[in-house]
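[1] Sequence below, structure please.
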Amino acid sequence: MIDDLLSLIERHERWRGRECVNLIPSENVMSPAVRSLLSSDFGHRYTSREKFYMGTRFIDEIEQHGEELAKSLFGSETADLRPLSGHIADLTFLACFTKPEDTVVCVSPDDGGYPGFWEQGLSRLLKLRMVRFPFSNENRNIKVEEAMDLILQKKPKVVIFGASIILFPHPTRKVAKVAHDVGAHVAYDGSHVMGLIAGGEFQDPLREGSQALFGSTHKTFFGPQGGIILADKEHGEAVKKRIHPEFVDNAHWNRIAALTLALAEMKSYGKEYAKQVVRNAQALAKALAEDGFPVACPQLGYTQSHQVLLDYGGHKEGGVVARKLEKANIIVDRGVRLGVCEVTRRGMKEDEMQRIALFIKRVIVDDEDPNSVKGDVTKFVKEFQEIKYCFK
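    This is a model prediction of the structure:
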């Protein structure tokens, strides 16, 4: 059994790590240094705010250092690295600032919003009334005037920007002003675009009216899987009073050590990285559109984020495309959101986006045998095994 387990891990590492083009927008790769900290001694240890555990002085210093780096990088008054995932960060914020039957406005899953907020997720757990933002599928964004009218009418307790499908900055500044006028707490779920925000390349929610920015640390942000909450003093201190032990007990200090190093890498290399992510996404979108693919939002230049959306009308048709591409070692999701954060971190640039688009065309448009394309994909990927935008 042990040999089988180790064999599966080795096969996975070889296939996904060294032979595939990964275009999952929810994934990225850590640098070797960040990854090594996940197996450090911190993975064995506990700490607590009440100083119940001794031997934590270095853990405490690392947490403080990580919080200071996060505050500097995102320009926030507070930072908390303890959420174990973006979902836990979402839960913590909503639980701190809502009560049952309160109204929350955010992007619906039907429009690319995060499903975890809705009926089968946090709204059911916390007994919240979810109201969808008015949304333009043509422009893949919130309708500003309609959103402001909705907020004035519904007077929600919380308004959340951000989404799982996010091609363009949300109109945070204009809509947040109205939300503040009705007394709503305003937040931004930056799970997908946290690395672009850190790199100054997408939008700046905390300067645009959001009182909190939270989400995942492993999508465009290239840290370990986990979550983060950045906020003004009022909201951040309220979160810190409750996050332990209500939402996080042991915060996984190996992860926090790794996240702290990733924050330092982002501070040093984030601007260059974020610019290249957006350039790559736009190059890939343009190349695919020229090959006849149904790339969303041509009238707006396709994308300003890490995502390129192929509009096949749903997961059923998208699943057919995704399965064919997987046979050629090109990994996408059933929504056919193509994310370029990982390939960018592997050093690929605009020319490589042309090559990736050609691989996709050969499988989907030319109907070439995926096994034939797979050999070329594997050779291509072997050229890009060194992680960039990190400390050497």
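[2] What residues sit buried inside the longest helix along the chain?
    Ranked by residue count under DSSP state H, the longest helix found in the chain is helix 253-290. Using 16 or more other Cβ atoms under 10 Å as the test for burial, helix 253-290 gives 253-266, 269-270, 273-274, 276-289. Glycine gets a C-beta too; all of them are placed from N, C-alpha and C.
[3] Can you list the residue ranges for strands in the stretch 51-200 of the chain?
    Under the criterion DSSP state E, counting those that start in this stretch, the stretch 51-200 of the chain contains strands at 78-80, 103-106, 129-132, 135-136, 141-142, 158-161, 185-189.
[4] got a markdown table for these, with mean neighbour count too?
    Compiled in a markdown table, the strands of the stretch 51-200 of the chain are given as follows (neighbours: other Cβ atoms under 10 Å):
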| stretch | mean neighbour count |
| --- | --- |
| strand 78-80 | 22 |
| strand 103-106 | 24 |
| strand 129-132 | 17 |
| strand 135-136 | 16 |
| strand 141-142 | 24 |
| strand 158-161 | 26 |
| strand 185-189 | 27 |
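[5] Need these in a markdown table (columns: distance to Ser36 and mean pLDDT).
    Shown next, in a markdown table, are the strands of the stretch 51-200 of the chain (distance: least, Cβ to Cβ, whole Å; pLDDT from 0 to 100):
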| stretch | distance to Ser36 | mean pLDDT |
| --- | --- | --- |
| strand 78-80 | 23 | 98 |
| strand 103-106 | 37 | 98 |
| strand 129-132 | 41 | 98 |
| strand 135-136 | 42 | 98 |
| strand 141-142 | 40 | 98 |
| strand 158-161 | 35 | 98 |
| strand 185-189 | 30 | 98 |
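[6] Take the ones you listed and write them to CSV, including distance to Phe93.
    Converted to CSV, the strands of the stretch 51-200 of the chain look like this (distance: least, Cβ to Cβ, whole Å):
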stretch, distance to Phe93
strand 78-80, 10
strand 103-106, 11
strand 129-132, 15
strand 135-136, 22
strand 141-142, 19
strand 158-161, 8
strand 185-189, 6
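[7] To Ser39, which of the ones you listed lies closest?
    strand 78-80 (24.1 Å; Cβ to Cβ).
[8] can you list the residues that contact the closest one?
    The contact list for strand 78-80 (Cβ atoms under 8 Å, 6 or more residues apart in numbering) reads 66-68, 70-71, 228-233, 235-237, 239-240, 243.
[9] ok, of those, which come out buried?
    Buried subset of the contacts of strand 78-80 (neighbour count, 16+ other Cβ under 10 Å): 66-67, 70-71, 228-231, 235-236, 239-240, 243.
[10] Identify the farthest-apart pair in these.
    Farthest-apart pair in those is Gly66 and His235; separation 19.0 Å (Cβ to Cβ).
[11] A helix includes Thr47, no?
    No: secondary structure of Thr47 (DSSP: H, G, I helix; E, B strand; the rest coil): coil, not part of a helix.
[12] Following the record's annotation, map out the domains of the chain.
    For the chain, the structural domains run 33-263, 270-381, going by automatic domain parsing.
[13] Show me the contact partners of stretch 372-389.
    With contact meaning Cβ under 8 Å, 6+ apart, stretch 372-389 is reached by 18-21, 29-32, 222, 265, 269-270, 272-273, 327-330, 343-348, 352, 355, 359, 362-363.
[14] swap in stretch 332-342?
    22-29, 165, 195, 219-220, 222, 277, 280-281, 284, 306-310, 312, 315, 318-319, 321-322, 325-326, 348, 353.
[15] Inside helices: which ones of those?
    The helices, defined by DSSP H, take in 195, 277, 280-281, 284, 315, 318-319, 321-322, 325-326, 353 from those.
[16] For the lowest-mean-pLDDT helix or strand in the chain, buried residues please.
    When the helices and strands of the chain are scored by mean pLDDT, DSSP states H and E, helix 315-327 comes last with a mean of 91. Of the residues in helix 315-327, 318, 321-322, 324-325 count as buried by neighbour count, 16+ other Cβ under 10 Å.
[17] Kindly report the same for stretch 165-179.
    Going by 16+ other Cβ under 10 Å, stretch 165-179 has these buried residues: 165-173, 175-176, 178-179.
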